[in-house]
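**Q** my questions concern the predicted model and sequence given below.
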Amino acid sequence: MPPLLQQFADLFWKYGLAAERSGAIRGTHFSRHRLAPRVLLIRDETRPESASYTPLSHSISVNAAHAAVDGLQARWNALKARGGSSMRDDPALSSIVGLEKHSSCLMVHELTHAWSSTDHSGHSDISLTISGDSQTLPYEYAAVAVHSYFVQTGFLADLFAQT
Ligand SMILES: [Zn+2]
């Protein structure tokens, strides 16, 4: 299990709790859970999805049979060694832990299920207020909007510092 995935979830959750507490973001439900979901690595060819969130256990299962997690930590370390210049240099890494401002990636998709307490059956529109701006967005856009706010407020620098 690449530690990066749990570190990403932990930091994402910390940012979510802080944004709710300060009122910077309304419409998310991070505070239903004090801690980030536990990230589990599974390898199951019979399951079609690359990852899923289970509300009952508040956990994210990443399926190594479909998600490109092999060598993920090494690729992350290499990116860091290059100064983290561009995630675009590594599209496979970016598809799992996208860090650019408008990326949509596996971890952000699943963490959005976690803060909205939904599983894969629910990809409904989400009403959000971010920095006073209220919008109802399709699921994936809402996911990106929250992640983008975190990236703008230091998420990337913190993740690099903590991993
Ligand atoms: Zn989903």
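**A** Received the coordinates, thanks.

**Q** show me the contact partners of stretch 114-125.
**A** For stretch 114-125, the external contacting residues (CB atoms under 8 Å, 6 or more residues apart in numbering) are 13, 16, 28-30, 32-33, 36-37, 49, 52-55, 58, 60, 113, 126, 136-140, 142, 146. Any C-beta I mention is one placed from the backbone N, CA and C, and that applies to glycine too.

**Q** can you point out the buried residues in it?
**A** By neighbour count with 16 or more other CB atoms under 10 Å, stretch 114-125 contains the buried residues 114-116, 118, 123.

**Q** what of stretch 124-131?
**A** Neighbour-count burial for stretch 124-131 [16+ other CB under 10 Å]: 126, 128, 130.

**Q** confirm that the second one sits in a strand.
**A** Yep, that's residue 128 we're talking about. Yes: under DSSP: H, G, I helix; E, B strand; the rest coil, residue 128 falls within a strand.

**Q** surely it and residue 28 touch.
**A** Yes: with contacts counted by CB atoms under 8 Å, residue 128 reaches residue 28, the gap being 7.1 Å.

**Q** can I get the helix or strand of the chain with the lowest mean pLDDT in PDB? Just the C-alpha atoms.
**A** Every helix and strand of the chain was ranked by mean pLDDT, DSSP states H and E. The lowest is helix 91-96, at a mean of 84. Extracted C-alpha coordinates of helix 91-96, given in PDB (Å, rounded to 0.1, in the frame of the first residue of the first chain):
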ATOM      1  CA  PRO A  91      -0.300  11.000 -16.500                       C
ATOM      2  CA  ALA A  92      -0.700   7.700 -14.700                       C
ATOM      3  CA  LEU A  93       0.300   9.200 -11.400                       C
ATOM      4  CA  SER A  94      -1.900  12.300 -12.100                       C
ATOM      5  CA  SER A  95      -4.900  10.100 -12.800                       C
ATOM      6  CA  ILE A  96      -4.700   8.800  -9.200                       C
END
